[in-house]
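J.: Sequence and computational prediction follow.
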Amino acid sequence: MVRKNQTLGEFIIENQAEFKYSSGELSRLINAIRLAAKVVNHEVNKAGLVDITGAAGETNIQGEQQQKLDVYANEKFIQTITNREIVCGIASEENDDFITIQGQNKDNNNKYVLLMDPLDGSSNIDVNVSVGTIFSVYRRVTPMGQPVTKEDFLQPGNQQVAAGYIVYGTSTMLVYTTGHGVNGFTLNPAIGTYYLSHPNMRFPKTGNIYSVNEGNYAQFPQGVKDYIKYCQAEEGDRPYTARYIGSLVSDFHRNMIKGGIYIYPKSKKATKGKLRLLYECNPMAFIAEQAGGKASDGFTRILDIQPESLHERVPFFCGSEEMVNKAEEFMQKAE
Ligand SMILES: O=P(O)(O)OC[C@H]1O[C@](O)(COP(=O)(O)O)[C@@H](O)[C@@H]1O
Ligand SMILES: [Mg+2]
Ligand SMILES: [Mg+2]
């Protein structure tokens with residue numbers, strides 16, 4: 001049941017009651033994510049002060065320089081969720097391999113695995129531009145009691161039981177779905193409580209915003225070049241407006257509210273695109289579809305792609321349904 005300004009805690013409890021067989025584990029997991037996000041939010045708000053600025057000095061498996069806030073957020077989410085024994089495994093952008101979580105009695109009786117991008121939009125941390133956290137949850141496929149395996153993480157996105165993101169922007173919001181629509185909660189920092197500020201979020205069917213890093217234009221596939229030219233043409237309701245923050249979460253959030261499309265295509269330097277299927281594209285695609293939007297790699301529905309490795313990348317076209325359809329049309333035509 002949805003009531004405006006309901007707190008996130010109330011929403012979780014009231015919505016769990018709707019699922020007769022629910023054991024409360026997913027609710028406890030969302031609660032733990034809510035808590036970890038508050039801790040990380042506190043540090044994000046200090047970005048710019050010496051101790052939290054700049055590189056951490058390590059390179060992650062993506063070959064990217066880890067920022068101090070990448071490492072901090074990763075540790076806080078893993079710690080908060082491990083301490084509460086709610087999942088049997090965690091995979092993160094910042095960890096080479098998945099982590100097995102055992103209960104106090106060394107058992108493996110938790111049924112969910114969590115995949116996450118602890119800090120999204122890392123290039124924006126030190127320049128005071130909004131960043132985020134992205135998460136995705138699956139039921140394990142291996143039998144209870146056994147340690148998790150890669151198979152528990154390499155599930156197609158259409159098997160997700162929950163997905164969401166936190167955007168640390170002008171305000172801090174937690175937006176998530178459990179497959180029954182998308183709801184957004186804004187944090188009141190004075191009292192540390194999230195309130196339901198955006199019930200039942202929906203992507204407008206179309207819009208006039210396109211988000212793509214045009215600096216890579218020369219390297220883009222012909223279909224993407226043609227679609228960008230289409231967006232810029234002086235015809236009908238075009239030209240559209242170009243908006244690109246460089247934080248997937250923030251660009252997605254704006255486009256979900258105003259109507260728009262975000263594209264991170266493959267290019268000569270990024271032959272598979274840049275974004276990671278498991279903890280960036282799958283969760284955002286699940287949210288997009290639950291909000292009436294669409295997500296593909298230009299041809300195939302993101303949620304139907306069978307993952308092969310933890311950190312694999314895919315091209316990403318996501319946003320208002322009619323705009324993604326149009327972009328796909330150009331991709332197919334240029335094939
Ligand atoms: O600077 P580029 O190549 O446009 O890439 C920006 C994209 O990369 C990302 O920063 C990748 O995410 P991380 O910051 O989590 O690595 C996205 O948030 C963003 O949309
Ligand atoms: Mg990211
Ligand atoms: Mg990241």
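T.: Happy to help now that I have it. Numbers count the residues shown, from 1 in each chain. Ligands and ions are numbered 1, 2, ... in the order given.

J.: Lys266 against Phe317, yeah?
T.: No. Using Cβ atoms under 8 Å, Lys266 makes no contact with Phe317, being 11.1 Å away. (Glycine included, C-beta is placed from N, CA and C.)

J.: Between those two, point out the one with more neighbours.
T.: More neighbours surround Phe317 than the other of Lys266 and Phe317, with 29 against 20 (other Cβ atoms under 10 Å).

J.: which residues touch the more buried one?
T.: Applying Cβ atoms under 8 Å, 6 or more residues apart in numbering to Phe317 gives the contacts Ile261, Tyr262, Ile263, Pro265, Ala295, Ser296, Asp297, Gly298, Val324, Ala327, Glu328, Met331.

J.: go with 10 Å
T.: Counting by Cβ atoms under 10 Å, 6 or more residues apart in numbering, Phe317 touches 212, 223-224, 227, 261-265, 273, 281, 285, 294-299, 302, 323-325, 327-328, 331.

J.: do Met323 as well
T.: 203-210, 227, 231, 240, 255, 259-263, 293-294, 317.

J.: among these, which are in strands?
T.: Counting by DSSP state E, the part of those found in strands is Ile209, Tyr210, Ile261, Tyr262, Ile263, Lys294, Phe317.

J.: near ligand 2, which of those show up?
T.: Subset of the ones in strands among the contacts of Met323 in contact with ligand 2: empty, counting by Cβ under 5 Å from the ion.

J.: Where does the prediction get shaky in this structure?
T.: Flagging of the chain using pLDDT under 70 yields the residue ranges 1-2, 17-22, 50, 104-106.

J.: So which bits of it are right by ligand 3?
T.: Counting by Cβ under 5 Å from the ion, the residues of the chain that sit close to ligand 3 are Glu93, Asp117, Leu119, Asp120.

J.: Okay, and the second one sits in which element?
T.: When secondary structure is defined using DSSP states H and E, the element that contains Asp117 is strand 112-120.

J.: Just the C-alpha atoms of the longest helix seen in the chain, please, in PDB.
T.: Longest helix in the chain by number of residues (criterion: DSSP state H): helix 25-44. The C-alpha trace of helix 25-44 is given here as PDB (Å, rounded to 0.1, in the frame of the first residue of the first chain):
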ATOM      1  CA  GLU A  25      14.900 -11.500   4.500                       C
ATOM      2  CA  LEU A  26      14.400  -9.200   1.500                       C
ATOM      3  CA  SER A  27      13.000  -6.500   3.800                       C
ATOM      4  CA  ARG A  28      15.900  -6.800   6.100                       C
ATOM      5  CA  LEU A  29      18.200  -6.500   3.100                       C
ATOM      6  CA  ILE A  30      16.600  -3.300   1.900                       C
ATOM      7  CA  ASN A  31      16.800  -2.000   5.500                       C
ATOM      8  CA  ALA A  32      20.500  -2.800   5.600                       C
ATOM      9  CA  ILE A  33      21.100  -1.000   2.300                       C
ATOM     10  CA  ARG A  34      19.100   2.000   3.600                       C
ATOM     11  CA  LEU A  35      21.500   2.100   6.600                       C
ATOM     12  CA  ALA A  36      24.700   1.700   4.700                       C
ATOM     13  CA  ALA A  37      23.600   4.400   2.200                       C
ATOM     14  CA  LYS A  38      23.100   6.900   5.100                       C
ATOM     15  CA  VAL A  39      26.700   6.200   6.300                       C
ATOM     16  CA  VAL A  40      28.100   6.700   2.800                       C
ATOM     17  CA  ASN A  41      25.900   9.800   2.200                       C
ATOM     18  CA  HIS A  42      27.600  11.300   5.300                       C
ATOM     19  CA  GLU A  43      31.100  10.900   3.600                       C
ATOM     20  CA  VAL A  44      29.900  11.900   0.200                       C
END
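
J.: Okay, angle between that helix and strand 112-120 too, please.
T.: For helix 25-44 against strand 112-120, the angle by axes from the mean of the first three to the mean of the last three Cα atoms, to 10 degrees is 20 degrees.

J.: what comes up buried for stretch 224-234?
T.: Neighbour counts over stretch 224-234 (16 or more other Cβ atoms under 10 Å) mark Val224, Lys225, Asp226, Tyr227, Ile228, Tyr230, Cys231 as buried.

J.: Also stretch 196-209?
T.: Buried residues in stretch 196-209, defined by neighbour count with 16+ other Cβ under 10 Å: Leu196, His198, Pro199, Met201, Phe203, Pro204, Thr206, Gly207, Asn208, Ile209.

J.: nearest to Ala163, of those?
T.: Met201 (13.1 Å; Cβ to Cβ).

J.: ok, and the most crowded of the residues of the chain next to ligand 3?
T.: Using other Cβ under 10 Å as the neighbour test, the residues of the chain next to ligand 3 are led by Leu119, with 30 neighbours.

J.: show me the contacts for that one.
T.: Counted by Cβ under 10 Å, 6+ apart, Leu119 has contacts 40, 43-44, 66-74, 77, 93-94, 125, 131-134, 168, 247, 249.
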